[in-house]
Each structure stands twice: as structure tokens, then as C-alpha cells.
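Visitor: next comes the sequence, and after it the predicted model I'd like to discuss.
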Amino acid sequence: MADTKITALAAITTVDPAADVLPIVDISDTSMAASGTTKKITSNQILGSGGTATLASAAITGDLTVDTSTLKVDSTNNRVGIGTASPSYDLQVNGATNGRIQVEGASGFGMVFIQGSSGNTAQLQLNSSGGSGKRYALSSNPSGSFSVSDETASASRLTIDTSGNVNISTGNVVMTTSGKGIDFSATAGTGTSELLNDYEEGTWTGSLLGVTTNPTVPVTATGSYTKIGRIVRIAIQFSNVSTVGASGQLTVSGIPFTNSSIAAIGNAFIGNSIVTITGPVFSAVGSGASSNVDLVCQLTSGDTTTADHSAGTGKYLTINTVYTV
């Protein structure tokens, strides 16, 4: 193909790619060649001379590179890179500080839509450090359930099934803020609070005392407790202990939580006549912010009386009671 050339090329001060005409002349036309110096111009010079170009359409059969790595289309591997000249994935975004993609609707919400091929799971993977860090996946499988899985450990962590049930495969639901919990306010009820914000299990140290005098040698035991919301269940056992020196009503101090203004009655099992009374014996957590469990006896008349120490050795006492805080 013969060269095409431009003669008498004048300096361009403004460019309108949509309106400006580029004359092309053949060098064999000697009359036009004589009017000025003939120039040869390349396609790159044409596109770069004005800084902008208006094209009705464009078909690029090879790679596309914009400012080295601002945009790269890798035609060999069919990949697109933003911020990288060597994309490793179908679409890879590398930011100078944060690789970030923003999707914003003009008048509604922005949406990123990920869909698996027919019968396959749609999955979004989150990698903390490239391909070598912790990797989690958000997946929607063909059955309609949604799951969060630890891809590094190949283990499912959480699943929301098609009925809306949330299933936790491993780990716990941890409330990181005190006072927060499970809110049942959607249920029909008239309570002042429907928030379950506490559950705990633990141990406590109880001291066996006398209202008048304490045992000569301190008597202690380790008890257990379970607290659900405001309800506390406690249990403690004193086995084969000496209460020598104790007198007055038998009481146990050290309950794990102070009682509310409502008194509570529980069970008490005695052995080897630890108290002087012979009738039915109960444990009582008194009202008025009490922190002790006292022993009381139910009389045949219906009244109650204190269960006082019968001091000695080899004594036994077991207490189980429930109270509110």
C-alpha cells in the first residue's frame, strides 16, 4: 500500500475531533506537493495530538493499556486489571491505599449481583491477606440457604436456612456489650422487660455461721450457682464438719448475688442433728438485700421459727435454693 501524506500541515491550536477534517493527499500529485513540505503522520500522532477522540465504536483485538496500570485488558488470558498491569483474576482491583469499588444508584440503591451458573453456588470470598491469610466465604446455595464458612479451615460457621433459622456450626454467640442479649419483645407479654441479658455458671464460698456465736474453727465449703437473667439457683454442701462453739440460728453467708426485696424459701437437708429443731427445716434467703441463707423450721401451728445450732462434730448440711436479684 502506498504512503498517504499530508502537505502544508498547519499548527493546530484547537481540536474538535467530531468536526475537524484531516486532508489526505497522494505524493504523486506534484501540484499539491509543490505548495509545501509533505509530512507523514502516524495513527498514534493523530490520536495523541489533541488529547481526546470521539469514536462511534472501537474493536480492539489485542491488549488495552491505559496509563500503564490504570486500566489493563489482558487479551491473552481474558482478564481486566484496575491498578495493576498484570491481573491474576477475571477482574482485579488494586488501589494505591485501599482497593475499593463503589456502586451507587442514581435514584435508588446500588447493587452488586453475584450469580452462580445453573445449579451452582454463588460465593463471595473475603481474604484478609491475599491468598495466604484468613479466608471467609459468603455463599448462597441452590437450595436457598445462606452460609458463612471459614475457607482456610474448610468449616462452616453460620447458616441461615430457608425457614429463617440461624444455625451456628462451631463457636458461640458472644455478647461483647454488657446488658445486651436476646430480645423477646416481639412475643405477646405484659412484662416490663423481655430481654434475656445474662447467663452464667460459677462457684462461691459459703461460711457456716451462728447468729449468736460462730464456730470456734471457721467452717467453709465451695458451692455452685447458675444465674439466668435475674434468677439465681445456688447449692452448697457441708460434710462432716465441726460446729463446736456455734450458737443461735444457723446461717450461711457468701451467696454469689445479693437477694432482691422478695424473700425466697428453698430446701435444706440436715444430718447428725446439726440444729436443735426436729421439725421440717427449710433454707430462707431473707428480704431486704440479704446476702445470707438462714435455716428456719415450720411448726405444726403454721408458724416458723429459727433453726438453732446444736454444736458438735460430724455435722452435715446441704442447701438448694432459688432466689431473685
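Guide: Perfect, I can see it now.
Visitor: can you check the pLDDT for Thr276?
Guide: For Thr276, the pLDDT comes out at 93.
Visitor: identify the residues contacting it.
Guide: Each residue near Thr276 by CB atoms under 8 Å, 6 or more residues apart in numbering is listed here: Ala307, Asp308, His309, Ser310. Glycine gets a C-beta too; all of them are placed from N, C-alpha and C.
Visitor: out of those residues, grab the one that's most surrounded.
Guide: Counting neighbours by other CB atoms under 10 Å, His309 leads the contacts of Thr276 with 28 neighbours.
Visitor: how about it: what's its closest non-neighbour residue?
Guide: If the residues on either side of it in the chain are set aside, His309 comes closest to Ala246, at 4.3 Å by CB to CB, 6 or more residues apart in numbering.
Visitor: tell me the pLDDT of that neighbour.
Guide: 97.
Visitor: if I look at it, how far off is Lys315?
Guide: Plainly put, Ala246 is 9 Å away from Lys315 if you go by CB to CB, to the nearest Å.
Visitor: number of nearby residues for Val166?
Guide: Counted with other CB under 10 Å, the neighbours of Val166 add up to 10.
Visitor: secondary structure element for Thr65, which one?
Guide: strand 64-66 (DSSP states H and E).
Visitor: pairing partners for that strand, with directions?
Guide: With DSSP bridges as the test, strand 64-66 is paired with strand 71-74 (antiparallel).
Visitor: the partner strand: which residues count as buried?
Guide: Neighbour-count burial for strand 71-74 flags Lys72, Asp74 (criterion: 16 or more other CB atoms under 10 Å).
Visitor: now do stretch 239-250
Guide: Here stretch 239-250 shows Val241, Ser242, Thr243, Ala246, Ser247, Gln249, Leu250 as buried, counting by 16+ other CB under 10 Å.
Visitor: distance to Val166 and secondary structure added to these, as CSV?
Guide: What follows is those, written out as CSV (distance: CB to CB, whole Å; DSSP: H, G, I helix; E, B strand; the rest coil):
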residue, distance to Val166, secondary structure
Val241, 49, strand
Ser242, 54, coil
Thr243, 53, coil
Ala246, 54, coil
Ser247, 58, strand
Gln249, 51, strand
Leu250, 49, strand
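Visitor: can you tell me which of those is nearest Ala96?
Guide: Val241 (73.4 Å; CB to CB).
Visitor: measure that closest one to Gly206 for me?
Guide: Taken as CB to CB, the span from Val241 to Gly206 is 11 Å.
Visitor: any common contacting residues for these two?
Guide: In contact with both Val241 and Gly206: Ala221, using CB under 8 Å, 6+ apart.
Visitor: please, where are all the strands along the stretch 101-250 of the chain?
Guide: Under the criterion DSSP state E, counting those that start in this stretch, the stretch 101-250 of the chain contains strands at 122-127, 135-140, 146-150, 155-160, 166-168, 182-183, 195-196, 199-210, 219-228, 231-241, 250-253.
Visitor: and Val285, how many neighbours?
Guide: 26.
Visitor: same deal with Ser86?
Guide: For Ser86, using other CB under 10 Å, the count is 12.
Visitor: what bridges to Ile236?
Guide: Ile319.
Visitor: which residues does it contact?
Guide: Contacts of Ile236 (CB under 8 Å, 6+ apart): Trp204, Gly206, Ala221, Thr222, Gly223, Ser224, Val252, Thr318, Ile319.
Visitor: next, format the residues you listed as JSON lines and append distance to Val296 and neighbour count.
Guide: As requested, the contacts of Ile236 are exported to JSON lines (distance: CB to CB, whole Å; neighbours: other CB atoms under 10 Å):
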{"residue": "Trp204", "distance to Val296": "21", "neighbour count": "16"}
{"residue": "Gly206", "distance to Val296": "17", "neighbour count": "25"}
{"residue": "Ala221", "distance to Val296": "20", "neighbour count": "19"}
{"residue": "Thr222", "distance to Val296": "24", "neighbour count": "10"}
{"residue": "Gly223", "distance to Val296": "19", "neighbour count": "22"}
{"residue": "Ser224", "distance to Val296": "23", "neighbour count": "14"}
{"residue": "Val252", "distance to Val296": "13", "neighbour count": "25"}
{"residue": "Thr318", "distance to Val296": "16", "neighbour count": "16"}
{"residue": "Ile319", "distance to Val296": "12", "neighbour count": "24"}
